[in-house]
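Engineer: Predicted model and sequence follow; I will ask about them next.
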Amino acid sequence: MTSALPTCGELLLALSLGTALLSCLAAIGGGRWRRISRLAALLAALAALGSAAMLFALFLGNHFEVAYVMGYSSKSLPLLYKISAFWAGQQGSFLLWLAFHAAASLVLLRWSRARAEKAADTAMKDATLAIFLLLEAVLAMLTLAKSPFELAEAIPADGAGMNPLLMDPWMAIHPPILFLGYALLAVPLACSAGALLTRTPADSWLDTARSFTLVAWSFLGAGIFIGAYWAYKVLGWGGFWGWDPVENSSLVPWLLACALLHLLAMARTRPGVLPVTHLAALFTYAFVLYGTFLTRSGILGDFSVHSFAGTSIGLTLAVINGIVVLAGLALLFVRADSLPQTPMYDSHASRPFFVLLGMLLLVFVAAIVFVGMSMPLLTQLMGKPAAVDTSFYTKTTAPLAAVLAALMIYAFAKHWVQHRGALLAHIGTLLALLAIVTSASGTSETATLAPGETQTIAGHEVTFEGQQFEMDGSSKAYVYTVDGNRAAAQTKLKPSGEDAAREPAILRGLTGDLYLAPTPPEDAREEILLKRGKMQMDDLFAYRYEDVTMEPEGDHLRVTADVAITDGETVEHAAPVILATDTGGKSEPVSVMDGRKRLRLTGVSGDQGAIRLEILPSIEELESQPVRLQFSTKPWIWVLFLGAGLVVLGGFVAAKEE
């Protein structure tokens, strides 16, 4: 029986969209309409949060009649990942973004209700809230267009489950932290636009915009660093940053938000900085939208392991992004005469000049990353899509990073950084930059080891102890001894026995990490098609398909084949099983002939005249295979993550100091 929750969720989304638009329209009226505008803003926020609560309830209640829940969850999924399945796909991540935006609107609503000394300040707050609610309406529209509450065509007994790569605590918290940063970056844009619309002096909005930007920058940075740590810990390719276009899509707004932070601080005492501050607020959020478009349009499908499949929503995002940029630039152009025209700095030896120079370097880095991540789009417009090599980023950004580090060291020497939050963030940045250089000086060697074999690799004595399989077949470990210390690289397995997700072994030490990333041996499984009563042979045995039985089992169909196996002397019957559903089937290998082979039933013809089998090596044979190992040293890599943590901590401390 279908629950009413999906319908309620969609109705709440529609209510959020309608009341957000009503709030914008009422704000234009001002006066007595102000009360209606704020009430509508409150309803819009509560409706969006209520819709998110509905989706959580659907996941926790295993409502597989909802296509999104069915596609990302299952009954056996642990609670943590049932919760994180909410944002595992495109539909849920948009709703998460909307929910965070709505929660931020409640804070902004309280700020707008504070008594203002000047009527102009009240008008500015109304305009700011209206812009913010207009952006909320856009998010609600996008969420409705790709609704997470759409019903599945058939109601399965169980869901498809989650991608094993995402079943990691770090990956469970990475997306919501990123989206919280994205949502909060809409506030400085709304404040900037509200001030320009009402010609309000800077002292009425700068502090609010900077406080929100600090928190947004800190959360966005935390999300980026957590994602980098997850890539280092889980993916097994040996690095923490691959300059993947999707990684870069969050890096660009974070770099621009950093520049915006410094400009907002300078504009308090240097009014001449206000024009570029408005530009920074606009482009910081515009690149949030651009990154979303790039990752969800399908353009990066061949160039990124993180991107979503292409959907019609990509074009909508491109149009919205264009409207935001053009409208923001037009507003800034129209109001340019009301902005201060005073110098941004007094001399080239002054503190403001060096701060602006540092921010210019950040903008250059962001521009380089933007060009690189956009190359698949730009080249697609000209014909054949292509991506830049990672060396493009390192060769172009490294000199800029070195100059930026020198500027920060010079600033320390002049005692320019006095606030605790800023001090922590700048120290963290220098430590992270230093660790990037030192970790890159590590060595990496590849060797193939048989079980029990010992080799000296990169100056370390490495022994391969072999593969160890869990009894339930859910995972296996490649076990090594390195200088007397045990290291185990874990691999999650599919029911078929194939690799689902790999995790390297990391031995941590004071001077750095030893990183072991084994490459799985070549899959030796063989697929055969057996016709009823006919025989086929492999290197050891002959197989004959005798019969098949089909029995209902809940919402599944249990299909059991009778297969005779012989080595020429003895005959054994095996009964491999596949649980068939409308959306596919599940089957596990069964051991035959004293475990010397394993069989897996993968399909049955419609007339039951033939079956498809996979013949797999025995567990003992797999355990005896030599394995290729990539062994790397990562000098002082922990300093990188320490520095990243200090950067984020500094941002939050600075926000508290505001």
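Structural biologist: Done, it's in. Predicted, not measured: the structure shown is a model, and the values here were computed from it.
Engineer: quick one: low-confidence ranges for the chain?
Structural biologist: 1-2, 114-120, 237-238, 297-312, 415-418, 496, 555, 581-584 (pLDDT under 70).
Engineer: What is the burial count for residue 460?
Structural biologist: 15 (other C-beta atoms under 10 Å). (Glycine included, C-beta is placed from N, CA and C.)
Engineer: How about the one 5 residues further on?
Structural biologist: Using other C-beta under 10 Å, the number of residues around residue 465 comes to 17.
Engineer: Check which element follows the helix or strand hosting residue 230 along the chain.
Structural biologist: Assigned by DSSP states H and E, residue 230 belongs to helix 206-230. Downstream of helix 206-230, the first helix or strand assigned by DSSP H and E is helix 245-267.
Engineer: Now do the next helix or strand after that next one: distance to the chain's middle.
Structural biologist: Heading C-terminal from helix 245-267, the first helix or strand you meet, by DSSP H and E, is helix 274-296. Centroid separation for helix 274-296 versus its chain: 19 Å, with C-alpha atoms, centre = their mean, to the nearest Å.
Engineer: rewinding a little: which elements pack onto the helix holding residue 230?
Structural biologist: helix 169-184, helix 186-198, helix 245-267, helix 637-657 (3 or more C-beta pairs under 8 Å, 6 or more residues apart in numbering; DSSP states H and E).
Engineer: closest to residue 111 out of those?
Structural biologist: The closest of the helices and strands packed on helix 206-230 to residue 111 is helix 186-198. By C-beta to C-beta, the value is 9.4 Å.
Engineer: Can you name every helix or strand that the closest one contacts?
Structural biologist: Under the contact rule (3+ C-beta pairs under 8 Å, 6+ apart), helix 186-198 is packed against helix 90-113, helix 119-145, helix 206-230, helix 274-296, helix 313-334.
Engineer: Next, the angle helix 206-230 makes with the second one.
Structural biologist: Here helix 119-145 runs at 30 degrees with respect to helix 206-230, directions being taken by axes from the mean of the first three to the mean of the last three C-alpha atoms, to 10 degrees.
Engineer: my read: residue 387 touches residue 377, true?
Structural biologist: No - checked against C-beta atoms under 8 Å, the pair residue 387 and residue 377 is beyond contact range at 10.2 Å.
Engineer: What are the structural domain limits within the protein?
Structural biologist: The chain breaks down by automatic domain parsing into domains covering 1-167, 444-521+622-639, 526-617.
Engineer: so which of those is the most packed in?
Structural biologist: Of those, the one with the most neighbours on average (mean count of other C-beta atoms under 10 Å) is domain 1-167, at a mean of 20.
Engineer: gap between that one and the chain center?
Structural biologist: 19 Å.
Engineer: How about residues contacting stretch 61-81?
Structural biologist: Residues lying outside stretch 61-81 but in contact with it, judged by C-beta atoms under 8 Å, 6 or more residues apart in numbering, are 2-3, 5-6, 55, 57-59, 82, 85, 88-89, 91-92, 148-153, 155-162, 166-167, 169, 172.
Engineer: Select the longest helix from the protein.
Structural biologist: helix 351-382 (DSSP state H).
Engineer: got the angle for it vs helix 313-334?
Structural biologist: 140 degrees.
Engineer: Against which helices or strands is helix 351-382 packed?
Structural biologist: Using 3+ C-beta pairs under 8 Å, 6+ apart as the contact test, the elements touching helix 351-382 are helix 245-267, helix 274-296, helix 390-413.
Engineer: Just the buried residues of the helix holding residue 230, please?
Structural biologist: By neighbour count on 16 or more other C-beta atoms under 10 Å, the buried set for helix 206-230 is 206, 208-230.
Engineer: Could you list which residues are in contact with residue 321?
Structural biologist: Residues in contact with residue 321 (C-beta under 8 Å, 6+ apart) are 286, 289-290, 293.
Engineer: Tell me the spacing between residue 84 and residue 170.
Structural biologist: 11 Å (C-beta to C-beta, to the nearest Å).
Engineer: er, residue 339 actually
Structural biologist: Here residue 339 is placed at a distance of 44 Å from residue 170 (C-beta to C-beta).
Engineer: Compare the two (neighbour count), which wins?
Structural biologist: Between residue 339 and residue 170, counted using other C-beta under 10 Å, the more crowded position is residue 339 (18 against 15).
Engineer: who's in contact with residue 599?
Structural biologist: Residues near residue 599 by C-beta under 8 Å, 6+ apart: 543, 563, 565, 574, 576, 589-590, 592, 613-616.
Engineer: how about the helices and strands packed on helix 186-198, which one is nearest residue 431?
Structural biologist: Among the helices and strands packed on helix 186-198, helix 206-230 comes nearest to residue 431, with 12.6 Å by C-beta to C-beta.
Engineer: So residue 543: helix, strand or coil?
Structural biologist: Three-state assignment for residue 543 (DSSP: H, G, I helix; E, B strand; the rest coil): strand.
Engineer: Look up how far residue 588 lies from it.
Structural biologist: From residue 543 to residue 588 the distance is 18 Å (C-beta to C-beta).
Engineer: And residue 243, by the same measure?
Structural biologist: The spacing between residue 243 and residue 588, counted by C-beta to C-beta, is 39 Å.
Engineer: Quick check: phi and psi at residue 565.
Structural biologist: When read as degrees, to the nearest 10, the backbone of residue 565 gives phi -120, psi 140.
Engineer: Report the contact partners of it.
Structural biologist: 541-543, 571-574, 592-593, 597, 599.
Engineer: if we go to 10 Å?
Structural biologist: 540-544, 571-574, 592-593, 596-597, 599, 615 (C-beta atoms under 10 Å, 6 or more residues apart in numbering).
Engineer: Please look at residue 339 and residue 200 and confirm they touch.
Structural biologist: No - contact criterion C-beta atoms under 10 Å: residue 339 and residue 200 do not qualify, at 11.6 Å.
Engineer: helices and strands around the host helix or strand of residue 50, which ones?
Structural biologist: Applying DSSP H and E as the criterion places residue 50 in helix 33-60. Helices and strands touching helix 33-60, by 3 or more C-beta pairs under 10 Å, 6 or more residues apart in numbering; DSSP states H and E, are helix 5-29, helix 67-72, helix 79-84, helix 90-113, helix 119-145.
Engineer: With respect to residue 558, which of those helices lies nearest?
Structural biologist: Using C-beta to C-beta, the helices and strands packed on helix 33-60 put helix 67-72 closest to residue 558, at 20.9 Å.
Engineer: pull the CA atoms of the closest one into CSV?
Structural biologist: What follows is helix 67-72, C-alpha atoms only, in CSV (Å, rounded to 0.1, in the frame of the first residue of the first chain):
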residue,chain,number,x,y,z
ALA,A,67,11.9,5.6,-6.9
TYR,A,68,14.6,7.6,-5.1
VAL,A,69,14.4,5.6,-1.9
MET,A,70,14.4,2.3,-3.9
GLY,A,71,17.5,3.5,-5.9
TYR,A,72,19.7,4.4,-2.9
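Engineer: contacting residues around the closest residue in space to residue 100 that isn't next to it in sequence?
Structural biologist: Closest residue to residue 100 apart from its sequence neighbours, by C-beta to C-beta, 6 or more residues apart in numbering: residue 183 at 3.8 Å. Residue 183 makes contact with 96-105, 135-136, 139, 212, 216, 219, 288, according to C-beta under 10 Å, 6+ apart.
Engineer: 6 Å - rerun?
Structural biologist: Shown in contact with residue 183 (C-beta atoms under 6 Å, 6 or more residues apart in numbering): 100-101, 104.
Engineer: any idea how far residue 207 is from the residue nearest to residue 261 when sequence neighbours are not counted?
Structural biologist: Once flanking residues are discounted, residue 261 sits nearest to residue 213: 5.5 Å by C-beta to C-beta, 6+ apart. Distance, residue 213 to residue 207, using C-beta to C-beta: 11 Å.
Engineer: Over to residue 135?
Structural biologist: 21 Å.
Engineer: now swap in residue 70 and tell me
Structural biologist: Applying C-beta to C-beta to residue 70 and residue 207 gives a distance of 47 Å.
Engineer: can you check residue 216 too?
Structural biologist: 15 Å.
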